[in-house]
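A.B. asks: The following comprises the amino acid sequence and a computationally predicted model.
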Amino acid sequence: MFVIILALLIIWPIAELFVMVQVADWVGFFWMLFLLFASAVAGILVLRHRGRAHWRRFRGAIDERRAPAKEAFDGVMITVGALLLIIPGFITSVLGLFLLFPPTRFLIRLAALTLFASKFKVAATTATWGTTGYNRYRSGRQSYDFEGEAVDVTDRPDGEPLPQLRSGSDGSEDQVDRDP
């Protein structure tokens with residue numbers, strides 16, 4: 001794995017430079033710079049606009065109490081696609097555009113599920129929360145009214161009476177020992 005990452009770190013920039021030189025030969029150097037700049041600006045705009053939209057969809061799925069897996073996966077792919085558009089280079093821009101289109105996102109999601117589905121175990125549970133408890137949680141008010149019984153304890157287990165407490169002038173309580 002380390003060798004593959006090292007090879008990508010060496011080969012990727014060389015491939016990007018090669019494509020930049022080819023595009024500069026084809027359309028001209030300043031047009032190539034303009035395309036790189038336009039790609040970066042488009043990535044920033046996509047990240048700003050689509051990021052907010054997918055965050056709203058994600059929150060909507062949570063509010064509807066359903067798993068936001070699709071929204072989370074789409075949000076990650078759109079974020080990565082926009083970041084790839086921001087990075088200078090034509091290969092990264094093409095990969096970024098590939099991640100931004102919904103049909104290709106669907107294909108990537110399908111491929112990821114088939115490749116990684118056996119790696120994860122999904123546990124599904126159901127939970128119910130009565131409206132009383134939920135509304136109390138949402139309002140922030142709690143009731144401290146409990147059913148119970150108070151018992152006055154006046155004697156120790158050995159039958160001797162407990163010492164009495166006397167209140168002082170400063171609000172503290174002192175024990176008064178009873179001498180039999």
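C.D. replies: On my side now, so go ahead. None of the values given here were measured: they were computed from a predicted structure. Residues are numbered from 1 along each chain as shown.
A.B. asks: list the contacts for the residue nearest the centre of the chain?
C.D. replies: Centroid-nearest residue in the chain: A72, 8.5 Å away (criterion: C-alpha atoms, centre = their mean). Contacts for A72 (C-beta atoms under 8 Å, 6 or more residues apart in numbering) come out as F58. Glycine gets a C-beta too; all of them are placed from N, C-alpha and C.
A.B. asks: That one looks like it's in a strand, true?
C.D. replies: No: going by DSSP: H, G, I helix; E, B strand; the rest coil, the assignment for A72 is helix, not a strand.
A.B. asks: how close does it sit to L110?
C.D. replies: From A72 across to L110, the span is 16 Å (C-beta to C-beta, to the nearest Å).
A.B. asks: for the longest helix belonging to the chain, packing partners?
C.D. replies: Taking DSSP state H as the criterion, the chain has its longest helix at helix 29-63. Packed against helix 29-63, as judged by 3 or more C-beta pairs under 8 Å, 6 or more residues apart in numbering; DSSP states H and E, are the following elements: helix 2-27, helix 69-86, helix 90-100.
A.B. asks: A67 in helix, strand or coil?
C.D. replies: A67 - assigned by three-state DSSP - is coil.
A.B. asks: Excluding covalently adjacent residues, which one is nearest to it?
C.D. replies: A61 (7.3 Å; C-beta to C-beta, 6 or more residues apart in numbering).
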